[in-house]
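Engineer: Below are the sequence and a predicted model for it; my questions follow.
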Amino acid sequence: MKRGSDAMHYSLAEFAYILFFLSVWAALLLYGRYQAVTVQYQSAREEISRLTEEVNYLNEVLAEKENAVVPCWRRPDKTIPEVAGVITIHSSTIYTLTRIPGKDRDAFAAPLETRDMILKTRTEAFFREEITYAREKNCYIRVRIENNTNDFSVYKGMAQILAGLGIVVVNE
């Protein structure tokens, strides 16, 4: 009888070795598949991130176009920079207009009695090309105001003049 039980133990041992190698092979197969799924997951996350950024950008563009006006600096031809110029208020009567791309300058004094009219005409003349482009392309330009005075009303008055010309004031 011993011979039969030895044969049975021998066949069980062979069966155990076969099961062991099959389980190792299955584990390697599952690990390889796990690695492939991990790579797919990472690429899908990156794609989702990229698409989310694109959707956010398109929502911004859509919100801008909702009123049919977009900033000129975002137009594809990139003719106008993000900030078209800087208006520096040195005092309630002395101003400097600066164009950003070419660094053109126009410094002038405007007496208090005719300040608003002079500011409007000088600003319109200085930024004429940009204003004309904005009207043709249905977009708006942006100008930064630097107020070197302690009087906010001078800044506010300049901002109103720019708004009347269709120029948006940027606070950077």
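Structural biologist: Everything's here; your move.
Engineer: looking at this, Val83 is in a helix?
Structural biologist: No: read with DSSP: H, G, I helix; E, B strand; the rest coil, Val83 is coil and lies in no helix.
Engineer: Can you verify my assumption that it contacts Arg142?
Structural biologist: Yes: between Val83 and Arg142 a contact is recorded at 5.4 Å, counting by CB atoms under 8 Å. From N, CA and C alone the C-beta is placed, and that goes for glycine too.
Engineer: what's the lowest-mean-pLDDT helix or strand in the chain in contact with?
Structural biologist: Sorting the helices and strands of the chain by mean pLDDT, DSSP states H and E puts strand 70-71 at the bottom, at a mean of 76. Residues from elsewhere that reach strand 70-71 (CB atoms under 8 Å, 6 or more residues apart in numbering): Val61, Glu64, Glu82, Asn138, Cys139, Tyr140, Ile141, Arg142, Val168.
Engineer: Top of those by number of neighbours, please.
Structural biologist: Ile141 (25 neighbours; other CB atoms under 10 Å).
Engineer: Looks to me like that residue is in a strand.
Structural biologist: Yes: looking at Ile141 with three-state DSSP, it is inside a strand.
Engineer: ok, it touching Ile167?
Structural biologist: Yes: between Ile141 and Ile167 there is a contact under CB under 8 Å: 5.6 Å.
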